[in-house]
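Undergrad: Everything below, folded, please.
(one chain, ligands or ions: 1)
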Amino acid sequence: MIRPVPHVAAITAYALSQLQAPEGKRLVSLSQNESLRPPSPAAIRAAAGALEAGHLYPDPDWSDLRAALARVHGIAAGDILCGSGSMELIACLARAYADPENAVLAPAHAYPFFRTAALLARARYDMAPEVKGQVSVDALLAAVRPDTRLVFVANPGNPTGTRIARADLLRLRDGLPGDVLLVIDEAYGEFADGLDEPMFDLVARGDTVVLRTLSKAYGLAGARVGWGLFSPAVAREIRKVMSPNNIPAASQAAAAAAVADQAYMRETCALTAEMRDSFAGRLRQSGFDVPESHTNFVLIRLGDPDRAQGAEAALRAEGIILRPQGGVGLGDCLRATAGQAGAMDATAEILEHWARKETT
Ligand SMILES: *Cc1c(COP(=O)(O)O)cnc(C)c1O
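TA: Residues are numbered from 1 along each chain as shown. Reported below is the predicted structural model:
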């Protein structure tokens, strides 16, 4: 019989959303935090142009994309690594720094792929409690064990949408032992850039990595492009475990053009924030518990898992898909991506109708 290695057999496959609408209903997915609009027209043109050289392997050094990122963020192009989505970089970090002899630590309600990456590296996955969906630096520091080697935090968080202030992240870094690599995943960083608390400067210490992605604010989830700022020593190790030629030429071209078009990305963020806040405001008025979010989604706290399942089913029956959060210990919550106005109105209406029916 053909058998996989035991730690792979023991892992459940990473769960994406179930994207099916009932017969006769149009599918509206608010479940994957995709952008509410397509990428910059300049990105689409650049990708189409790149396909003309499709017989060639892509640039293994992502030169144009790194140059564009370096220019926009005021960082050194040589310290940037690009991944097939930031998921590839997360997996590579775990592959390079976690093993069966050590442990990976993250907040209790963290992005679930941190766990998958840790388990594939056969490391122990430890969790630190959060306080009302807010990462607690004290709890994280208290959860550090002698064998902790890697700490993942997403800032802003997914699915909580909450933020860790720069001063708290500095306190976390200062409190962690020098042999613990801290990874700050800023997949939603562009939505919080207005707060002007960039973390890239921490990377120069040599013990911290900052990740970002083109999948959210830049609307390029389908292109699979993530990136991070790494110290030279960490970058050298990550390069060894990365897939060479990891980002298709068309995706690199699209990403470089999208980064160059900051105005379009900023407009996307503004439109998203407006949609997110009006949706959240309406739901709060109708009695729902919707914490403040610094991302392109909101978390809806239904109080208990039965109510969350009831609300999810009511929406699904109309073709609207939200993301249940039982997988990260928030079974009483649903996560809704900020989408087009029509979708948000329909979602709010169905939830309000469901809540009224529930009380009668
Ligand atoms: C969406 C998301 C990612 C993954 O992004 P890709 O670049 O598409 O792989 C990483 N981290 C967090 C917290 C996310 O929400």
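
Undergrad: and the residue lying closest to Y14 once chain neighbours are set aside, what helix or strand is that in?
TA: Nearest residue to Y14, sequence neighbours excluded (C-beta to C-beta, 6 or more residues apart in numbering): T116, at 5.0 Å. Any C-beta I mention is one placed from the backbone N, CA and C, and that applies to glycine too. When elements are assigned from DSSP states H and E, T116 belongs to helix 113-120.

Undergrad: Show me what that helix packs onto, helices and strands only.
TA: helix 6-10, helix 85-97, strand 103-107, strand 124-128 (3 or more C-beta pairs under 8 Å, 6 or more residues apart in numbering; DSSP states H and E).

Undergrad: and those, which is most packed in?
TA: A comparison of these by mean neighbour count, using mean count of other C-beta atoms under 10 Å, puts strand 103-107 on top with a mean of 26.

Undergrad: burial measure for the residue nearest to K25 when sequence neighbours are not counted, as a count.
TA: Spatially, and ignoring its direct neighbours in sequence, K25 is nearest to G319 (3.3 Å; C-beta to C-beta, 6+ apart). Using other C-beta atoms under 10 Å, G319 has 17 other residues around it.

Undergrad: do you know how far G319 is from G78?
TA: 47 Å (C-beta to C-beta, to the nearest Å).

Undergrad: Please apply the same query to I350.
TA: 50 Å.

Undergrad: quick one, which of these two is more surrounded?
TA: More neighbours surround I350 than the other of I350 and G78, with 17 against 12 (other C-beta under 10 Å).

Undergrad: pLDDT score for the more buried one?
TA: Note for I350: predicted pLDDT of 97.

Undergrad: quick one, strands of the chain?
TA: With strands called from DSSP state E, the chain shows them at 28-29, 80-83, 103-107, 124-128, 148-154, 181-185, 208-213, 226-229, 297-301, 320-321, 323-325, 330-337.

Undergrad: For these, give me TSV that also has distance to the ligand and mean pLDDT.
TA: Below are those laid out as TSV (distance: least, C-beta to the nearest ligand atom, whole Å; pLDDT from 0 to 100):
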stretch	distance to the ligand	mean pLDDT
strand 28-29	14	94
strand 80-83	7	98
strand 103-107	11	98
strand 124-128	15	98
strand 148-154	4	98
strand 181-185	5	98
strand 208-213	3	98
strand 226-229	4	98
strand 297-301	9	98
strand 320-321	16	96
strand 323-325	11	95
strand 330-337	10	97
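
Undergrad: so where is this structure shaky, pLDDT-wise?
TA: 360 (pLDDT under 70).

Undergrad: Nearest to the ligand: which residue in it?
TA: G85 (2.5 Å; C-beta to the nearest ligand atom).

Undergrad: Give me the domain ranges for the chain.
TA: 16-38+263-358, 43-260 (automatic domain parsing).

Undergrad: most tightly surrounded among the ones you listed?
TA: Buried most deeply of the domains of the chain, by mean count of other C-beta under 10 Å, is domain 43-260, with a mean of 19.

Undergrad: measure that one end to end?
TA: 9 Å (C-alpha to C-alpha, to the nearest Å).

Undergrad: quick revisit: wait, which of the domains of the chain is closest to V5?
TA: domain 43-260 (9.0 Å; C-beta to C-beta).

Undergrad: Longest helix in the chain, please.
TA: helix 262-285 (DSSP state H).

Undergrad: ok, residues contacting it?
TA: 35-37, 40-42, 72, 190-191, 193, 217-219, 258-259, 290, 292-293, 295-298, 300, 336, 338-341, 344, 347-348, 351 (C-beta atoms under 8 Å, 6 or more residues apart in numbering).

Undergrad: Filter the residues you listed down to just the ones in helices.
TA: Per DSSP H, the contacts of helix 262-285 map to helices at 41-42, 72, 190-191, 258-259, 341, 344, 347-348, 351.
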